[in-house]
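Asker: Please find the sequence and the predicted model below.
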2 protein chains.
Amino acid sequence: MLTPEQKENLVVVLAGARNPLNIGAAARAMSNFGFRTLRIVTEFPLPVTEAKSAVDAAEVMQQATVHGSFAEAIGDCGLIYGTTAVGDRRLEHPVEPLPQAAAAVRNVLAGKQRAAIVFGSEKTGMTNEQMSYCSGLLTIPMEVHGTSMNLGQSVAVCLWELTRDGVSGGVMPEDGFADSAAVDRFEAVLREGLTATGYEAKFPANCGEEMTRRLVRRLRLNRKDAEIWTGIWRQVLWKLRQ
Amino acid sequence: MLTPEQKENLVVVLAGARNPLNIGAAARAMSNFGFRTLRIVTEFPLPVTEAKSAVDAAEVMQQATVHGSFAEAIGDCGLIYGTTAVGDRRLEHPVEPLPQAAAAVRNVLAGKQRAAIVFGSEKTGMTNEQMSYCSGLLTIPMEVHGTSMNLGQSVAVCLWELTRDGVSGGVMPEDGFADSAAVDRFEAVLREGLTATGYEAKFPANCGEEMTRRLVRRLRLNRKDAEIWTGIWRQVLWKLRQ
């Protein structure tokens, strides 16, 4: 069972949802299962009034924060799962079935760290760029591979899976996963390194911004290792400048 | 895992739902999880056209049957669960949490018999009369006892619970984990790099042989990523030697 504190640390991110009814439905499911931390990523003004009228979800909606940047919305999270119906897009992260991903999320929450589950837009799902920030992807196994699911229903099913009594699993580093913002710092110094060493010029196909981001996120670095790898690459840069 | 035949024998009964959007949402969830037998109990003419337009649920909606009598709608079912948020009504049936009820339903389906899950009206839930026909009641355990849940979301959560057992686990990258020997090669070139950049001289405590090996193994690289990281570090060494 998740404690109220652990539930507080579960961040539900709606990245690109446009329909206020869907946002309200997501908030209502959160309220039903006792989660309160909702972050909405949108470039457009949110029709907040409509969404705020969602039945039983007033408190969640009032506390919801709106973010212009996806990276910012997940900056303080140690484990970030994007959701996908696994259509025909080539996914470069391994995709885990919901029960397994939920177990990993529960572990992170038990370690008093924030974890995020991200839901993309109703129409198109998550963008490749958004996915590139995720530690992993989760899918709700369905009858027909790749069918899309209603947003509010996906949120309800994921939160139910998190709260139902379940066996915990997954690997949780002792000191917690590095926050997304710390991984950003590693990524930035690595990218400088790829340029400075000439790797980028030689293997441009490996060095697209998203490619690199995914490469780094797949590592699921813990806090300490993120610092070590950042330090190693700072040293590479320092040496190259000698 | 439920077989297609067993799924066919699960009867979803909407007893009193009025909003065609909700009926469509329930049908869509059924379609997502591979269930097809939908029965709608209503005394009113159903705004079928609207409901039939439900995304991804056309087949379920077209096969749906409409019944004037609740008893008739569940007449051929061997086990009937009514759903309830367990408000202040006096319930005369024992109420089981969803996981337990779902297990009972699966058993009945495995015995090649029909089982029903009944969802009441959006506004008032099931009537006492409808409940009286049920073999038992199930509830989705929520944060606040008695909160009501969105109809489509309830259906999605119940059907997910029915199908989730037997979902296979284990994180496995698509192309498999890198063989240990491949990780060794990465480790070797990394270690050369740590020396060549002066990192080892600066942070000897981070560079013990086992330390480095652990640092690298914690990454759990997949095959392709192991190659990429090895290539990146070869390039670092090449550049330093210029």
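Answerer: Done, it's in. Numbering: from 1, shown residues only, chains lettered A, B, ... in the order given.
Asker: C-alpha from now on. contacts and neighbour counts both.
Answerer: OK.
Asker: can you list the domains in chain A?
Answerer: Using automatic domain parsing, the domain parsing of chain A gives A:4-163, A:180-241.
Asker: Need the winner for burial among those.
Answerer: Mean neighbour count, computed with mean count of other CA atoms under 10 Å in any protein chain shown, is highest for domain A:4-163 among these, reaching a mean of 21.
Asker: and after the worst-scoring helix or strand of chain A on mean pLDDT, which helix or strand comes next?
Answerer: Each helix and strand of chain A was given a mean pLDDT (mean pLDDT, DSSP states H and E); the minimum falls on helix A:48-52 at a mean of 55. Counting by DSSP states H and E, the next helix or strand C-terminal to helix A:48-52 is helix A:58-63.
Asker: Contacts for that following helix next, please.
Answerer: Under the contact criterion CA atoms under 8 Å, 6 or more residues apart in numbering or on different chains, helix A:58-63 has outside partners A:24, A:27-28, A:30-31, A:35-38, A:51-52.
Asker: mind listing which of the residues you listed are in strands?
Answerer: A:37-38 (DSSP state E).
Asker: and chain B, which of the contacts of helix A:58-63 contact it?
Answerer: A:28, A:31 (CA under 8 Å from any CA of the partner chain).
Asker: which stretches of chain A form strands?
Answerer: Going by DSSP E, chain A shows strands at A:10-15, A:37-41, A:65-67, A:79-83, A:95-97, A:115-119, A:136-139.
Asker: will you turn those into JSON lines that also has mean pLDDT?
Answerer: JSON lines is the format used below for those (pLDDT from 0 to 100):
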{"stretch": "strand A:10-15", "mean pLDDT": "97"}
{"stretch": "strand A:37-41", "mean pLDDT": "96"}
{"stretch": "strand A:65-67", "mean pLDDT": "94"}
{"stretch": "strand A:79-83", "mean pLDDT": "93"}
{"stretch": "strand A:95-97", "mean pLDDT": "88"}
{"stretch": "strand A:115-119", "mean pLDDT": "96"}
{"stretch": "strand A:136-139", "mean pLDDT": "90"}
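Asker: what's the spacing between the residue nearest the centre of chain A and A:I140?
Answerer: Of all residues in chain A, the one closest to the mean position by CA atoms, centre = their mean is A:I80, 3.0 Å from it. Distance from A:I80 to A:I140, counting by CA to CA, to the nearest Å: 16 Å.
Asker: repeat for A:R220
Answerer: 22 Å.
Asker: same deal with A:L240?
Answerer: 47 Å.
Asker: for A:Q130, same thing?
Answerer: For A:Q130 relative to A:I140 (CA to CA), the value is 19 Å.
Asker: go on, A:R106?
Answerer: As defined by CA to CA, A:R106 lies at a distance of 17 Å from A:I140.
Asker: repeat for A:E227
Answerer: From A:E227 over to A:I140 (counting by CA to CA), the distance is 34 Å.
Asker: and if you look at A:V216?
Answerer: From A:V216 to A:I140 the distance is 25 Å (CA to CA).
Asker: A:V60 too?
Answerer: 24 Å.
Asker: Poorly predicted segments of chain A, please.
Answerer: Along chain A, the parts satisfying pLDDT under 70 run over A:46-55, A:87-92, A:145-146, A:165-174.
Asker: in it, which helix has the most residues?
Answerer: helix A:223-241 (DSSP state H).
Asker: Do any residues in that helix lie close to chain B?
Answerer: Yes: using CA under 8 Å from any CA, a contact is recorded between helix A:223-241 and chain B, made by A:225, A:228, A:232, A:235-236, A:239-240.
Asker: Let me see the contact set for A:I140.
Answerer: A:84-85, A:97-98, A:154, A:158.
Asker: Kindly recompute the last result at 6 Å.
Answerer: Residues near A:I140 by CA atoms under 6 Å, 6 or more residues apart in numbering or on different chains: A:97-98.
Asker: where does it fall, phi/psi-wise?
Answerer: In terms of degrees, to the nearest 10, the main-chain angles of A:I140 are phi -90, psi 110.
Asker: Around chain B, pick out the residues from chain A.
Answerer: When proximity is defined as CA under 6 Å from any CA of the partner chain, chain A approaches chain B at A:32-34, A:94, A:142-143, A:153, A:156-157, A:197, A:199, A:219, A:235-236, A:239.
Asker: Distance of A:T195 relative to B:Q235?
Answerer: 10 Å.
Asker: cool, A:T197 as well?
Answerer: Distance, A:T197 to B:Q235, by CA to CA: 6 Å.
Asker: quick one on the thing from earlier: so which of the residues of chain A next to chain B belong to helices?
Answerer: Mapping these onto helices (DSSP H) picks out A:32-33, A:153, A:156-157, A:199, A:235-236, A:239.
Asker: which one of those sits closest to A:Q113?
Answerer: A:F33 (19.3 Å; CA to CA).
Asker: Looks like the closest one contacts B:V144 (just checking).
Answerer: No: at 7.9 Å, A:F33 does not count as touching B:V144 under the criterion of CA atoms under 6 Å.
Asker: how far away is the closest residue in space to A:K239 that isn't next to it in sequence from B:L159?
Answerer: Of all residues not flanking A:K239 in the chain, B:T197 sits nearest, at 5.5 Å (CA to CA, 6 or more residues apart in numbering or on different chains). In this structure, B:T197 and B:L159 are 57 Å apart, going by CA to CA.
Asker: and what of A:A196?
Answerer: The gap separating A:A196 from B:L159 is 53 Å, by CA to CA.
Asker: and what of A:V13?
Answerer: A:V13 is 24 Å from B:L159, by CA to CA.
Asker: Likewise for A:G16?
Answerer: For A:G16 relative to B:L159 (CA to CA), the value is 27 Å.
Asker: One more: A:V155?
Answerer: For A:V155, the distance to B:L159 equals 14 Å [CA to CA].
Asker: need the contact list for the nearest residue to A:R213 once chain neighbours are set aside.
Answerer: The shortest distance from A:R213 to any residue other than its chain neighbours is 5.7 Å, reached at A:S132 (CA to CA, 6+ apart). Taking CA under 6 Å, 6+ apart, we find A:S132 in contact with A:210, A:213-214.
Asker: From chain B, how far out is the residue nearest to A:E96 when sequence neighbours are not counted?
Answerer: Nearest non-adjacent residue to A:E96, counting by CA to CA, 6+ apart: A:L138, 4.7 Å away. Distance of A:L138 to chain B, computed by CA to the nearest CA, to the nearest Å: 11 Å.
Asker: Show the contacting residues for A:L138.
Answerer: So, once contact is read as CA under 6 Å, 6+ apart, A:L138 ends up touching A:83, A:95-98.
Asker: who does it bridge with?
Answerer: Bridge pairing for A:L138 (DSSP bridges) gives the partners A:T83, A:E96.
Asker: now A:I40
Answerer: Beta-bridge pairing for A:I40 (DSSP bridges): A:L14, A:V66.
Asker: That one reaches A:V66, doesn't it?
Answerer: Yes: between A:I40 and A:V66 there is a contact at 4.8 Å, judged by CA under 6 Å.
Asker: Next one: A:A71 from A:L151, what distance?
Answerer: Distance of A:A71 to A:L151, computed by CA to CA: 21 Å.
Asker: Give me the nearest residue to A:T37, chain neighbours excluded.
Answerer: A:T37 sits nearest to A:V11 (CA to CA, 6+ apart), 5.1 Å away.
Asker: Surely the one you found is in contact with A:R39?
Answerer: No: between A:V11 and A:R39 there is no contact, the gap being 7.1 Å when judged by CA under 6 Å.
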